[in-house]
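Visitor: Give me the fold of what follows.
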Amino acid sequence: MTGHYDDSGFVPLNIAVLTVSDTRTEETDKSGRILKEGAEAAGHRVVEKAIVKDDVYQMRALFSRWIADPEVHVILSTGGTGIAGRDSTPEAVQPLLDKPIEGFGELFRSISMEEIGASAIQSRAIAGLTNQTLIFCLPGSSGACRTGWEKILKAQLDHRTRPCNFAQMFRA
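Guide: So this is what the prediction gives:
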């Protein structure tokens with residue numbers, strides 16, 4: 001079980017949220033809203049939120065802009081991680097990663113198995129580090145975003161989580 005040190009104050013991170021979808025709008029983007037609101041409720045700063053079509057080059061352009069921005073510590077994306085024809089988030093992101101974090105996808109699918117059964121095998125959730133920017137790519141369903149945020153990311157983006165966490169790399 002994840003523990004926290006109570007004597008250390010919270011350090012907010014700057015987070016960009018991306019929804020990958022050919023059909024969603026700001027009004028209908030429930031998954032992106034879950035990630036944004038979860039990050040903000042935890043005390044982080046959402047510095048930008050965007051929706052981009054499921055197109056490898058449009059995704060790479062936006063991911064690359066955020067990766068190059070020293071003010072963006074973390075990118076959370078939702079959508080395009082399935083196996084349907086236009087799902088291409090992993091193909092867009094993998095070439096940009098300096099260090100893949102294989103355990104994220106493995107853990108996400110393991111937790112999802114408990115919630116949705118063998119359908120979890122269809123998720124191609126991925127994560128990695130590039131240019132000191134963490135990237136986490138979740139499926140497009142609101143349930144998957146809630147699971148990813150609540151059961152993995154919320155604790156791992158809090159530098160008080162022990163024995164280790166992703167947020168430690170951003171401490172001054």
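
Visitor: for this structure, which spans come out with low pLDDT?
Guide: Low-confidence regions of the chain, defined here as pLDDT under 70, cover residues 1-8, 171-172.

Visitor: Which parts of it are strands?
Guide: In chain order, the chain shows strands spanning 3-4, 14-20, 45-52, 74-78, 99-100, 126-130, 133-138, 161-162, with DSSP state E as the criterion.

Visitor: Would you convert those into TSV that also reports mean neighbour count?
Guide: C-beta coordinates here come from the backbone N, C-alpha and C atoms, glycine included. TSV is the format used below for the strands of the chain (neighbours: other CB atoms under 10 Å):
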stretch	mean neighbour count
strand 3-4	12
strand 14-20	26
strand 45-52	17
strand 74-78	28
strand 99-100	13
strand 126-130	21
strand 133-138	26
strand 161-162	15
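
Visitor: okay but Lys49 is in contact with Val17, surely?
Guide: Yes: using CB atoms under 8 Å, Lys49 and Val17 qualify as a contacting pair, with a distance of 4.4 Å.

Visitor: if I look at these two, which residues touch both of them?
Guide: Residues touching both Lys49 and Val17 (CB atoms under 8 Å, 6 or more residues apart in numbering): Gly32, Lys36.

Visitor: most residues in a single helix of the protein, which one?
Guide: helix 102-116 (DSSP state H).

Visitor: what does that helix contact?
Guide: Residues lying outside helix 102-116 but in contact with it, judged by CB under 8 Å, 6+ apart, are 119-121, 123-127, 136, 138, 143-144, 147-148, 151-152.

Visitor: Export the strands of the chain to CSV and append columns for distance to Met59.
Guide: Output for the strands of the chain, formatted as CSV (distance: least, CB to CB, whole Å):
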stretch, distance to Met59
strand 3-4, 34
strand 14-20, 6
strand 45-52, 6
strand 74-78, 8
strand 99-100, 17
strand 126-130, 13
strand 133-138, 10
strand 161-162, 29
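
Visitor: Would you mind saying which of these lies nearest Gln168?
Guide: Taking CB to CB, strand 161-162 is the member of these nearest to Gln168, at 9.0 Å.

Visitor: Which secondary structure elements does that closest one sit against?
Guide: Applying 3 or more CB pairs under 8 Å, 6 or more residues apart in numbering; DSSP states H and E, we find strand 161-162 packed against strand 3-4.
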